[in-house]
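[1] Coordinates only, no sequence provided:
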């Protein structure tokens, strides 16, 4: 007779939002809103969606990659997606777009593509209608995110396309908290235990 496994089933946060708590020790994640593209026993990967890179727009990136912009190209900022592989580009987008090469269907309403063809499509005005272009990503090893959640480093909430793809990056952190019914004025950077 075997005893039941006391460990709880792992929680899959793929397609959810992480909201950095005020006491986040890493300044790169201060007031960060992270869309989680993947979460499993092997770790987690997400994109920070509220930190535009200073003075870097899509046109600059296309020039660097020798991609010719078309007349219908959207004028998009480039975001700091996270500290891992900050030279690699990722596009988080609505699920109305799919690359012929490699689009990860993350969750209802969201996809992610990390190939040049999406940049070429965006440059010609054929890309997704809602998108965030990011350089780099946020990554966690096995159990690392779970440890940070247990230490009150992050709050989680359901992803909302209007919040994620909003052009008002400065309001996304407060907006994500508001979806949980929380005001930033009531948050403390100190963790408490009952």
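    Nice, I can see it. Everything numeric here is computed off the predicted structure, so don't read it as measured data.

[2] residues of stretch 170-184 that come out buried?
    Using 16 or more other Cβ atoms under 10 Å as the test for burial, stretch 170-184 gives 172-173, 175-177. For glycine as for every other residue, the C-beta is placed from the backbone atoms N, C-alpha and C.

[3] rounded to a whole number, what's the mean pLDDT of that stretch?
    The average pLDDT within stretch 170-184 is 88.

[4] show me where pLDDT drops low in the chain?
    Along the chain, the parts satisfying pLDDT under 70 run over 1-10, 187-194.

[5] Residues in contact with stretch 92-99: which ones?
    35, 37, 47, 49, 103, 105-106, 108-113, 115, 117-118, 121, 127-132, 134, 161, 164-165 (Cβ atoms under 8 Å, 6 or more residues apart in numbering).

[6] the strands in this structure, which residues?
    Counting by DSSP state E, the segments of the chain that form strands are 16-20, 33-40, 43-48, 52-57, 77-80, 84-93, 103-107, 110-113, 131-140, 154-158.

[7] for residue 158, what are its contacts?
    16-17, 179.

[8] circling back: the strands of the chain: which one's closest to residue 69?
    Nearest to residue 69, of all the strands of the chain, is strand 52-57, at 10.6 Å by Cβ to Cβ.

[9] Sheet partners, orientation included, of that closest one?
    Strand 52-57 pairs in its sheet with strand 77-80 (antiparallel), by DSSP bridges.

[10] I'd like to check what contacts the partner strand. Which residues are they?
    28, 47-53, 56-58, 60-61, 86, 132-136, 169.

[11] if we can go back for a sec, hmm, which of the contacts of stretch 92-99 are the buried ones?
    Buried, going by 16+ other Cβ under 10 Å: 35, 37, 47, 49, 103, 106, 109-113, 118, 121, 127-128, 130-132, 134, 164-165, out of the contacts of stretch 92-99.

[12] re the thing from before, in JSON lines, list the strands of the chain along with distance to residue 71.
    Listed next are the strands of the chain as JSON lines, based on distance: least, Cβ to Cβ, whole Å:
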{"stretch": "strand 16-20", "distance to residue 71": "35"}
{"stretch": "strand 33-40", "distance to residue 71": "30"}
{"stretch": "strand 43-48", "distance to residue 71": "28"}
{"stretch": "strand 52-57", "distance to residue 71": "16"}
{"stretch": "strand 77-80", "distance to residue 71": "20"}
{"stretch": "strand 84-93", "distance to residue 71": "20"}
{"stretch": "strand 103-107", "distance to residue 71": "25"}
{"stretch": "strand 110-113", "distance to residue 71": "23"}
{"stretch": "strand 131-140", "distance to residue 71": "18"}
{"stretch": "strand 154-158", "distance to residue 71": "37"}
